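Asks: can't give you the sequence, but here's the structure:
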């Protein structure tokens, strides 16, 4: 199930490929690393809506070093919060400006 969700998440990235851009394969590898380091479940924004989850917080994570450093920063932030669900959307980033960014949204279960 996690692999299917990961695949869906990868398909919805807003990372564009050109000669200087961080391409989708880097984003895929970064998400695989994050999901192996945290216990929270990676889901898509659409899946969170389907499940009726409540959004806890949305924040931007960035790195001026590399995509690997970005994934490390994402994993650390998600581990600290201990939310059950989260989604990640990578922003367009070019290597020329050395600014790798992602928007992370954390969710908690539906309150009844």
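Replies: That came through fine. On a predicted model such as this, the values are computed, not experimentally measured, just so you know.

Asks: any weak-confidence spans in this structure?
Replies: By pLDDT under 70, the low-scoring segments of the chain are 1-37, 93-97, 111-112.

Asks: Next, residue 63: phi, psi?
Replies: phi -150, psi 140 (degrees, to the nearest 10).

Asks: So it sits against residue 75, correct?
Replies: No - between residue 63 and residue 75 there is no contact under C-beta atoms under 8 Å: 11.9 Å. Quick note: C-beta positions are derived from backbone N, CA and C, even for glycine.

Asks: List the buried residues in stretch 62-78.
Replies: Neighbour counts over stretch 62-78 (16 or more other C-beta atoms under 10 Å) mark 63, 67, 70-75, 77-78 as buried.

Asks: Equivalent analysis for stretch 47-60, please.
Replies: 47-48, 53.

Asks: measure it end to end?
Replies: Terminal residues of stretch 47-60 lie 20 Å apart, using C-alpha to C-alpha, to the nearest Å.

Asks: Can you give the contact residues for it?
Replies: For stretch 47-60, the external contacting residues (C-beta atoms under 8 Å, 6 or more residues apart in numbering) are 5, 8, 43, 77, 81, 83, 85, 87, 91, 101-111.

Asks: same thing but at 10 Å, please
Replies: Under the contact criterion C-beta atoms under 10 Å, 6 or more residues apart in numbering, stretch 47-60 has outside partners 5, 8-9, 41, 43-45, 77, 81, 83-87, 89, 91, 101-112.

Asks: Show me which of those residues are buried.
Replies: 5, 9, 41, 43-45, 77, 83, 85-87, 89, 91, 101-102, 104-107.

Asks: Go through the buried residues of stretch 47-60 and flag which are in strands.
Replies: The strands, defined by DSSP state E, take in nothing from these.

Asks: Arrange those in a markdown table, one row each, with distance to residue 59 as further columns.
Replies: Formatted as a markdown table, these follow (distance: C-beta to C-beta, whole Å):
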| residue | distance to residue 59 |
| --- | --- |
| 47 | 20 |
| 48 | 16 |
| 53 | 17 |
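
Asks: Just the strands from this structure, written as ranges.
Replies: For the chain, the strands defined by DSSP E cover 41-42, 54-63, 85-90, 100-108.
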